[in-house]
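Engineer: Return a 3D structure for these sequence lines:
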Amino acid sequence: MADFTIINARILTLANKAPADGPRRGDAMADLGVIEKGFVTIQDGLIQAVGSGLPAEEGIDDVFDADGCVLMPCFVDPHSHACWAGSRIDEFEKAQAGQSYLEILNEGGGIMSTVRAVRAASEEDLVAMLMRRLSSMAALGSGTVEVKSGYGLDTETELKMLRAIHAASQESVQLLVGTFLGAHAIDPEVPDFVDRIISECLPAVCDEFPGIACDAYCEKGAWSVAETTRLFEAALQQGCSLRVHTDQFNSLGMTQIAIDMGALSVDHLEAISDADIQRLAKSETVGVLLPCSGFSLDDRYAPGRDLIDAGCAVAIASNYNPGSAPTPSMAFAISLAVRRMKMTCAEAITAATYNAACVLGVQESTATIEVGKRADLQLLDTSDERELAYEFANAGPLLVAVNGRIVHARAIATEEEES
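Structural biologist: Now for the predicted structure:
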């Protein structure tokens with residue numbers, strides 16, 4: 001269905017008065033641009049009209065009565081590893097028995113376990129598995145998804161992953177953004193691994209996917225600060241933007257370096273220092289918080305309240321992956337951000353939509369309900385958006401439309417059906 005109108009909705013437009021050219025900070029994160037009772041008309045995949053009250057009846061074919069429920073933009077998930085093969089359930093049991101994430105990694109498990117499975121999978125298999133996960137994410141309200149490589153760790157397999165992500169982007173109604181994460185781990189079987197990623201893999205990726213963002217996992221047992229810096233210097237020369245996994249378990253100094261290098265985002269930040277919070281607040285870099293990892297691993301969470309109060313630009317993401325965050329739910333990330341990071345629900349909604357879109361550079365096309373933007377909309381099963389934080393593990397949205405196409409409908413009738 002391409003053309004329809006939703007009426008009688010509490011609309012969170014996210015179209016507030018904050019500057020439109022970058023992520024929102026401070027009080028602007030709490031302004032959701034609410035229309036208490038209004039309508040949205042969708043034509044040809046785009047938002048054609050938004051307003052209070054009821055629309056003019058001329059030309060309206062299909063009308064959905066929201067009956068006071070909340071209509072808001074689809075989530076933008078700015079950090080996921082949704083392209084993978086294999087299973088990590090055995091490692092989950094080891095973790096429950098007391099082994100730490102880094103101990104499992106050092107035994108050849110963790111990321112390297114998934115690397116072996118991805119190397120053995122075909123590109124077609126990766127596309128099929130990714131499409132299935134994207135479908136789950138869409139049903140839970142995610143209209144835009146960033147997907148990283150990083151389970152290849154060699155040129156051939158990293159390219160296979162990125163080709164699979166690109167192929168899925170052509171099939172999926174969702175907006176997909178690929179990221180190169182060849183520096184996801186250190187392959188212990190390749191002595192000159194870091195040099196190979198920098199001198200062979202990075203140029204090959206940039207040749208096929210020019211301008212792609214380059215990411216790295218900087219942590220003890222993974223890429224060091226010096227190695228990550230070398231990679232990023234080369235990536236900048238290749239025209240890449242930068243992102244980095246940093247301060248997850250240890251504050252090693254990469255956050256400051258990434259900020260100084262103009263990184264789009266610094267992600268995780270569970271162990272961020274007070275000094276780096278102040279540096280981040282003065283920068284254009286966005287802090288991407290991943291509360292589902294804390295829930296799954298060790299109950300450690302980034303200091304969301306401190307980051308926002310300091311003036312940092314903050315986004316949140318699912319971090320959907322087979323090891324540390326096996327969940328496709330951005331709504332669950334919102335619930336954790338409020339419960340464990342002390343963010344307000346309004347701040348978390350902004351972080352999961354507009355600010356997340358700024359990380360990916362897609363804020364001009366999605367993440368707010370404004371005329372001319374993609375019709376990426378979700379109708380919640382509540383008249384109070386705070387239930388996104390209050391409830392968890394619920395049935396999800398009543399309706400999800402991505403690029404004007406209804407991809408999920410649970411319990412809503414058109415006016416014709418009701419009559």
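Engineer: what about the helices in the stretch 101-250 of the chain?
Structural biologist: Using DSSP state H, counting those that start in this stretch, the helices of the stretch 101-250 of the chain run over 101-106, 111-120, 123-139, 155-171, 193-196, 202-208, 225-237.
Engineer: Which neighbouring elements make contact with the shortest one?
Structural biologist: In other words, helix 193-196. In terms of contacts (3 or more CB pairs under 8 Å, 6 or more residues apart in numbering; DSSP states H and E), helix 193-196 is packed against helix 225-237. Placement of C-beta: from N, CA and C, glycine included.
Engineer: So which bits of the helix it packs on are buried?
Structural biologist: Within helix 225-237, the residues scored as buried using 16 or more other CB atoms under 10 Å are Val225, Glu227, Thr228, Thr229, Arg230, Leu231, Phe232, Ala234, Ala235.
Engineer: of those, closest to His408?
Structural biologist: Using CB to CB, Ala235 comes nearest to His408 of these, at 36.9 Å.
Engineer: Nearest spatial neighbour of the closest one, chain-adjacent residues omitted?
Structural biologist: Nearest residue to Ala235, sequence neighbours excluded (CB to CB, 6 or more residues apart in numbering): Cys214, at 3.8 Å.
Engineer: Measure how buried that neighbour is and give me the count.
Structural biologist: Neighbour count for Cys214, taken as other CB atoms under 10 Å: 25.
Engineer: Just the pLDDT for it.
Structural biologist: pLDDT, Cys214: 98.
Engineer: To Gly287, which of the helices of the stretch 101-250 of the chain lies closest?
Structural biologist: Gly287 lies closest to helix 225-237 among those, at 17.3 Å (CB to CB).
Engineer: What is that closest one packed up against?
Structural biologist: Helix 225-237 packs on strand 175-183, helix 193-196, helix 202-208, strand 213-216, helix 254-260, going by 3+ CB pairs under 8 Å, 6+ apart.
Engineer: still on that earlier bit, adding distance to Leu380, write the buried residues of helix 225-237 out as TSV.
Structural biologist: Formatted as TSV, the buried residues of helix 225-237 follow (distance: CB to CB, whole Å):
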residue	distance to Leu380
Val225	42
Glu227	44
Thr228	40
Thr229	43
Arg230	46
Leu231	41
Phe232	39
Ala234	44
Ala235	39
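Engineer: Of the helices and strands packed on helix 225-237, which stretch is the most buried?
Structural biologist: Burial of the helices and strands packed on helix 225-237 is given as mean neighbour count (mean count of other CB atoms under 10 Å); strand 213-216 ranks first at a mean of 26.
Engineer: and it, what other elements does it pack with?
Structural biologist: strand 175-183, helix 225-237, strand 243-246.
Engineer: closest to Val190 out of those?
Structural biologist: In terms of CB to CB, the element of the helices and strands packed on strand 213-216 nearest to Val190 is strand 175-183, at 12.0 Å.
Engineer: that older thread, dump the helices of the stretch 101-250 of the chain to CSV, plus distance to Ser87 and mean pLDDT.
Structural biologist: As requested, the helices of the stretch 101-250 of the chain are arranged in CSV below (distance: least, CB to CB, whole Å; pLDDT from 0 to 100):
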stretch, distance to Ser87, mean pLDDT
helix 101-106, 14, 77
helix 111-120, 8, 94
helix 123-139, 11, 98
helix 155-171, 18, 98
helix 193-196, 25, 98
helix 202-208, 27, 98
helix 225-237, 29, 98
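Engineer: about what we covered before: residue contacts, the residue nearest to Ala235?
Structural biologist: Cys214 makes contact with Thr179, Phe180, Ala183, Leu202, Leu231, Phe232, Ala235, Gln238, Cys240, Ser241, Leu242, Arg243 under the criterion CB atoms under 8 Å, 6 or more residues apart in numbering.
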